[in-house]
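>>> Need coordinates for the below:
(2 chains)
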Amino acid sequence: MRVEMFVFVVSGAICVAGALGVVLFRNPVHNALSLVATLFGVAVLFVAQGAYFLAAIQVIVYAGAIVVLFLFVIMLLGVDQDDDVRFEPIPGIRIAAVIVGISLLGMSLIALLSSPDVVTGAPSALAPLDPATPDVNRIGAALFTDYIYAFEITAVLLTIAVVGAVMLSRQSPEVPLDTEEFPDGTMASELAIRREETSVADSVDTDGPEPADAEIAADAAGSE
Amino acid sequence: MDPLLSGDIGFAEILIVLIKVLIAFAGLMVGVMLMVWFERKLVADMQNRIGPNRAGPFGILQTLADGIKLFFKEELSPAKSDPFVYRLAPFLALVPAFLVFSVIPIAGNFSGDNTGVVTIAGHETLMQVADPQIGILLVLAMSSIAVYGIMLAGWASGSKYPLLGSVRASAQMVSYEAALGLSIATVLLLAGALSTNLIVNEQAGGRWNLWMTGLVPFVVFLIAATAELNRPPFDLVEAEQELVGGFHTEYTALRFAMFFLAEFMNVVTMSAVIVTLFLGGPNGPLFGITGWVSDYLLPSIYFFGKLFILLFVFVWFRATLPRFRYDQLMDLGWKLLIPLSLGWFLLVATVQVSQDQGWNPIVVVTSVVVIGVLGASLLRLSIRTGNFRRTEESEEAEDSHMSPKDPGGVR
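Model prediction:
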């Protein structure tokens, strides 16, 4: 067996196993870890195709940032155990999902089996477009010349998303705080005054996870 | 790309690669062993204690003795732990620490037209385990994988203190990765490549990035790296007084030893990354000597000398600086280091472009200063407004506590 074939089979198996794990494990942290395995498998496939930059970005952005955030939320907030999986938000969505899934699988199988090519794992491109410059430089040049508008618009879109998230999470001082934490309906402004009195004014808001939250998260983690 | 792997790959090439891997692995293990001893001894000296002095001369074998002890201890796992993830986490912490070192050039002649290529038994190769195109991105990728080890260790222990420690750790590491990446970007701007070999080559002849980038990225990188390593003064992750031992509270024996090893290995590899990025790697005066002295001996002496200085600095930090409070940590990362490194990145980019295009330097400098002052004051204004809204404090108290520009405010 050739090396390319071996790499393809191993990383493909990791991808598929990870994808199954995402769906089948019952513990959300195990689901997230399976997703990481899939992302790594895809990164290895990218390397096998000579797309080094894509592989690195895959690991840094998806495995390193996005799934970490997933895990962060799962660990910090816990998962609502009362969620009823039998509840359908849109009627018939379950049947539609099964039909779409089976037809997608069928289409890919037909496409795969009807083509004359056999699986080799070799790079689909015969040679780099320009062997003298690394693909990182070429991607950079393309992004900042031909696709500069798309690039800048994406950047603006992300900025808008960040500003929107900040605006949504801001509380005006005259709104009651979280009723679970402050059942007596304390206003944010009152809390600020209280903070000033206890002279810990600049540490409350960012002082790590509240012990109560962490306790809930630990319980959720432990009860799995 | 390593010239060794550009042609046909036969038995000799594989053997050379294996030898390089072995040398890097063994060297790193011994280095970490010595680093643990060095840190304990140096901190002891700085605190007027004696430190380890029983095993071997000057207690140099203390780490080995500790390792053997930990190896033979019983492995315990808490009843509420998640068995698989609990066992996986130490490996996730250890493996990235090893892999980062594979892209670090530790020797080779970079003077003149040389590009660090050495010849071993008729085969040309570089003095680093691998030289991928993506070079320094591999370092970033591995440091983002290292977060998993700590995060999952805390979660899988099924206990409160480790969970708190790991939540702190992941927040801290994700926050400081941005500043880390931005200061790396400044270096990449000058080198024009991601490959570590080319970055080192660019710094040949005393053109170290330390001063070529104007010192600021180096300082930012050093601070962000200390935070990324969870070392004092950023060791909130395992703050003994608050969290018992942090994320590895529930770990014993060999699994604890792996976390311990990973921690110190990360210090060594991060120092090596700093040497590569900012201090010219194995570059240094070669006095016109050629042959093995200029290929191996002198460059490796320079490399390990610089590495040693940085390791000393890290230990010095630990012995000198008190721990940050959590809000101070986040303020420093988000409100000072990220804007500073982003601004500096833009500045270096402007200087580069103005040199390429031959713009009038006076106009460039004036506009840079004006825009910089405007941006800095806008940022300061927004931070002040935010603080004012949040705490309703008087401005005098705020100036002494929260302002990132105030040297007294950021401790």
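>>> hey, where'd the helices end up in chain A?
With DSSP state H, the ranges of helices along chain A come out as A:3-24, A:28-48, A:52-57, A:67-77, A:93-114, A:135-144, A:148-169, A:188-197, A:211-222.
>>> In chain A, which residue sits closest to chain B?
Closest contact between chain A and chain B, by CB to the nearest CB, is at residue A:64 (2.6 Å). Any C-beta I mention is one placed from the backbone N, CA and C, and that applies to glycine too.
>>> so what pLDDT did residue B:311 get?
Residue B:311 is assigned 91 on the pLDDT scale.
>>> Please, which helix or strand holds it?
Residue B:311 belongs to helix B:298-320 when assigned by DSSP states H and E.
>>> Check the offset of that helix from the chain's centre.
12 Å (CA atoms, centre = their mean, to the nearest Å).
>>> helices or strands up against that helix?
Applying 3 or more CB pairs under 8 Å, 6 or more residues apart in numbering or on different chains; DSSP states H and E, one finds that helix B:298-320 contacts helix B:11-46, helix B:216-228, helix B:253-278.
>>> residue in the stretch 1-150 of chain B nearest to chain A?
Residue nearest to chain A within the stretch 1-150 of chain B: residue B:144 (2.6 Å; CB to the nearest CB).
>>> what packs against the host helix or strand of that residue?
Element membership for residue B:144, per DSSP H and E: helix B:136-156. Contacts defined by 3+ CB pairs under 8 Å, 6+ apart place helix B:136-156 against helix A:28-48, helix A:52-57, helix A:67-77, helix B:83-100, helix B:160-191, helix B:253-278.
>>> now the angle from that helix to helix B:160-191?
170 degrees (axes from the mean of the first three to the mean of the last three CA atoms, to 10 degrees).
>>> so how far is helix B:136-156 off the chain centroid?
Using CA atoms, centre = their mean, the offset of helix B:136-156 from its chain centre is 13 Å.
>>> likewise stretch B:192-203?
18 Å.
>>> which residue is nearest the middle of the chain?
Since no chain was named, I'll use chain A. residue A:66 (3.9 Å; CA atoms, centre = their mean).
>>> switch to chain B, that's the one I care about
residue B:270 (2.9 Å).
>>> if you skip the residues just before and after it, what's nearest to it?
Leaving aside its chain neighbours, residue B:270 sits nearest to residue B:225 (4.9 Å; criterion: CB to CB, 6 or more residues apart in numbering or on different chains).
>>> Chain A versus that neighbour, what's the distance?
Plainly put, residue B:225 is 16 Å away from chain A if you go by CB to the nearest CB, to the nearest Å.
>>> just residue B:363 next, same as before
Distance of residue B:363 to chain A, given as CB to the nearest CB: 24 Å.
>>> check which helix or strand covers that residue.
Per DSSP H and E: residue B:363 is located in helix B:361-391.
>>> For that helix, which helices and strands make contact with it?
Here helix B:361-391 touches helix A:188-197, helix B:338-357, helix B:395-401, going by 3+ CB pairs under 8 Å, 6+ apart.
>>> Counting neighbours, which bits of that helix end up buried?
B:364, B:368, B:379, B:383, B:387, B:390, B:391 (16 or more other CB atoms under 10 Å in any protein chain shown).
>>> Let me know how buried residue B:339 is, in neighbour terms.
Residues contacting residue B:339 under the criterion other CB atoms under 10 Å in any protein chain shown number 18.
>>> no no, residue B:68
Residue B:68, neighbours per other CB under 10 Å, totals 12.
>>> In contact with residue B:340, which residues are there?
Residues near residue B:340 by CB atoms under 8 Å, 6 or more residues apart in numbering or on different chains: B:216, B:220.
>>> In which helix or strand does whatever residue of the stretch 301-411 of chain B ends up closest to chain A reside?
Taking CB to the nearest CB as the measure, the stretch 301-411 of chain B has residue B:327 as its residue closest to chain A, at 4.1 Å. With secondary structure defined by DSSP H and E, residue B:327 is part of helix B:326-331.
>>> Where does residue B:125 fall, secondary structure wise?
Here residue B:125 is assigned to strand B:123-126, by DSSP H and E.
>>> can you give me the offset of that strand from its chain's centre?
So, by CA atoms, centre = their mean, the centroid of strand B:123-126 is 27 Å from its chain's centroid.
>>> What residues of it count as buried?
Residues of strand B:123-126 classed as buried by neighbour count (16+ other CB under 10 Å): B:125, B:126.
>>> Not counting its own residues, what contacts stretch B:51-59?
B:37, B:40, B:41, B:43, B:44, B:45, B:61, B:62, B:64, B:65.
>>> next one: stretch A:129-144
Contacts of stretch A:129-144 (CB under 8 Å, 6+ apart): A:50, A:51, A:52, A:53, A:128, A:151, B:133, B:134, B:192, B:193, B:194, B:195.
>>> Count the residues that sit near the spatially closest residue to residue B:258 that is not a sequence neighbour.
With CB to CB, 6+ apart as the criterion, residue B:258 has its nearest non-adjacent residue at 3.8 Å, and that residue is residue B:90. Per other CB under 10 Å, the neighbour tally for residue B:90 reads 23.
>>> Show the contacting residues for residue B:90.
Contacts of residue B:90 by CB under 8 Å, 6+ apart are B:149, B:153, B:251, B:255, B:258, B:259, B:262.
>>> If you rank the residues you listed by neighbours, which is first?
Going by other CB under 10 Å, residue B:153 tops the contacts of residue B:90 with 29 neighbours.
>>> So, low pLDDT: which residues of chain B?
Within chain B, the segments meeting pLDDT under 70 span B:1-2, B:7, B:240, B:392-411.
>>> By average pLDDT, which secondary structure element in chain A comes out worst?
Within chain A, no helix or strand scores below helix A:211-222, which has a mean of 49 by mean pLDDT, DSSP states H and E.
>>> residue contacts, the residue lying closest to residue A:8 once chain neighbours are set aside?
In space, and not counting its chain neighbours, residue A:8 is closest to residue A:121: 2.9 Å by CB to CB, 6+ apart. Going by CB under 8 Å, 6+ apart, residue A:121 touches A:2, A:4, A:5, A:6, A:7, A:8, A:9, A:48.
>>> Of those residues, just the buried ones, PyMOL syntax please.
To isolate the buried subset of the contacts of residue A:121 in PyMOL, counting by 16+ other CB under 10 Å, use the following:
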select buried, chain A and resi 8+48
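>>> coming back round to it: in a markdown table: the contacts of residue B:90, plus distance to residue B:345.
A markdown table is the format used below for the contacts of residue B:90 (distance: CB to CB, whole Å):
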| residue | distance to residue B:345 |
| --- | --- |
| B:149 | 30 |
| B:153 | 34 |
| B:251 | 39 |
| B:255 | 40 |
| B:258 | 36 |
| B:259 | 34 |
| B:262 | 30 |
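>>> Sort out which one of those residues lies nearest residue B:179 for me.
Checking the contacts of residue B:90 against residue B:179 with CB to CB, the nearest one is residue B:149 at 21.3 Å.
>>> Is it correct that that closest one is in contact with residue B:85?
No. Using CB atoms under 8 Å, residue B:149 is not in contact with residue B:85, being 10.6 Å away.
>>> neighbouring contacts of stretch B:178-194?
Contacts to stretch B:178-194, defined as CB under 8 Å, 6+ apart, come from residues A:134, A:136-137, B:133-137, B:140, B:143, B:198-199, B:202, B:209, B:212-213, B:217-218, B:220-221, B:223-225, B:228, B:277-278, B:333, B:337-338, B:341-342, B:344-345, B:348-349, B:352.
>>> and those, which are buried?
By neighbour count, with 16+ other CB under 10 Å, the contacts of stretch B:178-194 hold A:134, A:136-137, B:133-137, B:140, B:143, B:198-199, B:202, B:209, B:212-213, B:217-218, B:220-221, B:223-225, B:228, B:277-278, B:333, B:337-338, B:341-342, B:344-345, B:348 as buried.
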